[in-house]
Structure formats: C-alpha cells, structure tokens
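Colleague: Sequence and computational prediction follow.
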Amino acid sequence: MKNMEKIKAPLNQRILAGLIDGLLLILFVNASYFLLKWSIGWWLIKIPALGPLLFGLIKLSITFLIPLAYLGFTESSPARATPGKLLCGLKVLDRNGERLNPVQAGIRTIVKLASALPLGIVFLMIPFTQSRKALHDVFSDSQVVEEGPVHPFIDRILFYIPDLDELFRV
C-alpha cells in the first residue's frame, strides 16, 4: 500500500493532461460524426420527421459513449492512465494504490462527464481541498498521483507554467 498523500499529482500536470485528453476526445468524436454522416447519415436524414431525430440521438449517444469508453477503459487498464496522463507522468489509483476496477472507472467517468456539463465549475474544487481531489475522485474512491516519467516535450511545456500548487496552498 502506497502513501497517497506524498505523491499527489501536481495541478499543472493534471490540467495539461486534461487538455491533451480533451483534444484527443474532440478528434475521436468528430471523426465518429464524420463516419456516421457518410455511412448512414445521408439515408437517415431522408426519412421525414423521424430521420433527423434518429440522427440527432445517435450523435448524442456518440458524444457520451466515446468519452465513457476512452476514459473508463484507459483508467482501468494496466497502464492506469489516459494517454494525456501517461505523457504527464500521472496515474489513477484506488485508495490502496492499486489499479481501478471497471466499476470504479465507470463511476469516475460518469461523474467526471456530469461535472463537466456545468462549464466544469466542479473541477475548481481541486486546488481548494486538502486532498486535492475532484468530485469524480471522491465518488470513485480514487486519486491521481505522480508516478512515472514525464515526456520530455511535456516537461518543456510544464517549465513555462507557474507552479499552481504553490499558488493554491491549503
């Protein structure tokens, strides 16, 4: 069992990892929209009244299911991190320092997606709590920790970002 208090993820690394994963998700979701439009979208739109509704429901499903799969599978995988977190040297662990099980990862992802809906305001609680946990970390009994090397390119970017942990010392 690891001491989770000593290896909390720095805020600037966590923010940068979130931006990287957000860009990847935008790419995946938009590629899926493109494939949907060119595979069955042209046919669905031709159905009067029901076609555009079905097309919209499928797009809404894609918007939710791709982030759910991306975040859920990567954070419960043996790597224990999304690609953005891996580049930033971060991992998601449970309270015992172990890999999240699929249920924990699913809960974490659903709460994270729900937290992002009201303009991500819930994420602002991270710097102001002693444990440096977001709402999705609390609900899934998980912690993002610094564990592993930071990619050299990411390290250069982090050099220019002020140390947010010092700014928000609780």
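Modeller: Received the coordinates, thanks. Numbering: from 1, shown residues only.

Colleague: Can you say which helix or strand has the closest residue to Ile7 other than its chain neighbours in it?
Modeller: Nearest in space to Ile7, with sequence neighbours left out and distances taken as Cβ to Cβ, 6 or more residues apart in numbering, is Val145 at 4.4 Å. Where C-beta positions appear, they are placed from N, C-alpha and C, glycine not excepted. Element membership of Val145 [criterion: DSSP states H and E] is strand 142-146.

Colleague: List the first helix or strand encountered after that strand toward the C-terminus.
Modeller: Following strand 142-146 toward the C-terminus (DSSP H and E): helix 152-159.

Colleague: Give me the contacts around the next helix or strand after that following helix.
Modeller: Sequence-wise, the next helix or strand downstream of helix 152-159 (DSSP H and E) is helix 164-167. Helix 164-167 is contacted by residues 10-12, 15, 127 when judged by Cβ atoms under 8 Å, 6 or more residues apart in numbering.

Colleague: could you give the mean pLDDT of helix 164-167?
Modeller: For helix 164-167, mean pLDDT rounds to 71.

Colleague: May I have that helix exported as PDB, CA atoms only?
Modeller: What follows is helix 164-167, C-alpha atoms only, in PDB (Å, rounded to 0.1, in the frame of the first residue of the first chain):
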ATOM      1  CA  LEU A 164      -0.100  26.100  -9.300                       C
ATOM      2  CA  ASP A 165       0.300  24.000  -6.100                       C
ATOM      3  CA  GLU A 166       2.300  26.900  -4.600                       C
ATOM      4  CA  LEU A 167      -0.400  29.400  -5.600                       C
END
